[in-house]
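Chemist: Any chance you could fold what I've pasted below:
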Amino acid sequence: MAKFILMIGVLIAECETKLHAQEVIPIQTDRPDQTETPFTVPDNHFQMETGFSFEQTDHITQSFTGPSALLKYGINDHFEVGLVTELAVIKSDERIYGFNPVTVRFKEKINDEKGILPTTSFIGYLTIPQFASDSFKATYFAPAFRFTMQHTLSQKISIGYNLGAEWDGESPEPIFIYTLTTGYFVSEKVGAYAEVYGFVPQSSKANHRFNCGLNYLLQPNVLFDISGGVGLTDIAPDYYAALGFSFKLKN
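Modeler: Numbers count the residues shown, from 1 in each chain. Purely as a prediction, here's the structure:
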């Protein structure tokens, strides 16, 4: 943990140094909410979004994830590639820990906002079952996709939403995904959001949730976030809380 914190400190210092040499477009991240942003990482830029989360699934099951990391690289101004890794600990009747399966992804911007048309992108994912710790390996490759959209209502308020589906690597049945979030700029550096989202399996009960959070823009390419949420249906987790850190660097 000490090495990880030291690495974060070095990266912050490097980010601040590079800011004096060039003007930086403010960072856009896919965390902390569940609504993925339609904006891609700029051409020839690297971005890392990392964090820690705690979830109380029910009265006996808890899970801790961290550090999780979404690594992204901008191929051009409309296309990025990414990799997702995360270390998980689950405590129930027994305690298991290890790495969840690695997920590769890409994001392609379809169009910019124009009139009633939102900024829109398509995101594709593929989770690789064998690139995981033994306790967390899946049986099959698990694809997923989302269309992510955002409307700007004013200089301070925006609305974002996702629609898509995912597979869990065990069943051929899809799980449909929806998200709806409202973003509000409290100041030039502080943003807030509130969100409802859910997972709707083809043949079982839906899992609906609510969350909210804040982010703080330390520098145009350095962002901190804090968030938390609760379950809205019986099968949803009781609650969760998360902390995160994101940064962007030009190659």
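Chemist: in stretch 117-134, what counts as buried?
Modeler: Buried residues in stretch 117-134, defined by neighbour count with 16 or more other C-beta atoms under 10 Å: 118, 119, 120, 121, 123, 125, 127, 129, 132. (Each C-beta comes from the backbone N, C-alpha and C, glycine too.)
Chemist: from what I can see the second one touches residue 78, true?
Modeler: Right, the one you point to is residue 119. No - Residue 119 lies out of contact with residue 78 (C-beta atoms under 8 Å); the separation is 11.5 Å.
Chemist: which neighbours do these two share?
Modeler: Counting by C-beta atoms under 8 Å, 6 or more residues apart in numbering, the residues touching both residue 119 and residue 78 are residue 109.
Chemist: what about the strands in the chain?
Modeler: Secondary structure of the chain (DSSP state E): strands at 45-56, 62-76, 79-91, 95-99, 103-111, 119-127, 142-152, 157-166, 175-185, 190-201, 207-219, 222-231, 239-250.
Chemist: Need the ones you listed in JSON lines (columns: mean pLDDT).
Modeler: Compiled in JSON lines, those are given as follows (pLDDT from 0 to 100):
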{"stretch": "strand 45-56", "mean pLDDT": "98"}
{"stretch": "strand 62-76", "mean pLDDT": "97"}
{"stretch": "strand 79-91", "mean pLDDT": "97"}
{"stretch": "strand 95-99", "mean pLDDT": "96"}
{"stretch": "strand 103-111", "mean pLDDT": "98"}
{"stretch": "strand 119-127", "mean pLDDT": "98"}
{"stretch": "strand 142-152", "mean pLDDT": "98"}
{"stretch": "strand 157-166", "mean pLDDT": "98"}
{"stretch": "strand 175-185", "mean pLDDT": "98"}
{"stretch": "strand 190-201", "mean pLDDT": "98"}
{"stretch": "strand 207-219", "mean pLDDT": "97"}
{"stretch": "strand 222-231", "mean pLDDT": "98"}
{"stretch": "strand 239-250", "mean pLDDT": "97"}
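Chemist: Of those strands, give the one that comes closest to residue 32.
Modeler: Judged by C-beta to C-beta, the one of the strands of the chain that comes nearest to residue 32 is strand 222-231, at 4.0 Å.
Chemist: Listing partners with orientation, what would you give for the closest one?
Modeler: In the sheet, strand 222-231 lines up against strand 207-219 (antiparallel), strand 239-250 (antiparallel) (DSSP bridges).
Chemist: which outside residues touch stretch 190-205?
Modeler: Contacts to stretch 190-205, defined as C-beta under 8 Å, 6+ apart, come from residues 33-35, 162, 166, 173-186, 206-217, 229, 232-235.
Chemist: Neighbours of residue 227, how many?
Modeler: Neighbour count of residue 227, defined by other C-beta atoms under 10 Å: 22.
Chemist: Next, the contact list for the residue nearest to it when sequence neighbours are not counted, please.
Modeler: Spatially, and ignoring its direct neighbours in sequence, residue 227 is nearest to residue 213 (2.9 Å; C-beta to C-beta, 6 or more residues apart in numbering). The contact partners of residue 213, taken as C-beta under 8 Å, 6+ apart, are 32, 33, 192, 193, 225, 226, 227, 228, 242.
Chemist: Which one, of the strands paired with strand 222-231, ends up nearest to residue 84?
Modeler: Nearest to residue 84, of all the strands paired with strand 222-231, is strand 239-250, at 13.6 Å by C-beta to C-beta.
Chemist: where's residue 75 relative to residue 121, distance?
Modeler: Distance check for residue 75 against residue 121: by C-beta to C-beta, to the nearest Å, it reads 14 Å.
Chemist: Repeat that for residue 46.
Modeler: With C-beta to C-beta as the criterion, residue 46 and residue 121 are 19 Å apart.
Chemist: same thing with residue 108?
Modeler: The gap separating residue 108 from residue 121 is 6 Å, by C-beta to C-beta.
Chemist: residues shared between the contacts of these two?
Modeler: residue 40.
Chemist: Show me the beta-bridge partners of the spatially closest residue to residue 216 that is not a sequence neighbour.
Modeler: Closest residue to residue 216 apart from its sequence neighbours, by C-beta to C-beta, 6+ apart: residue 224 at 4.8 Å. The partner list for residue 224 in beta bridges (DSSP bridges) reads residue 216, residue 245.
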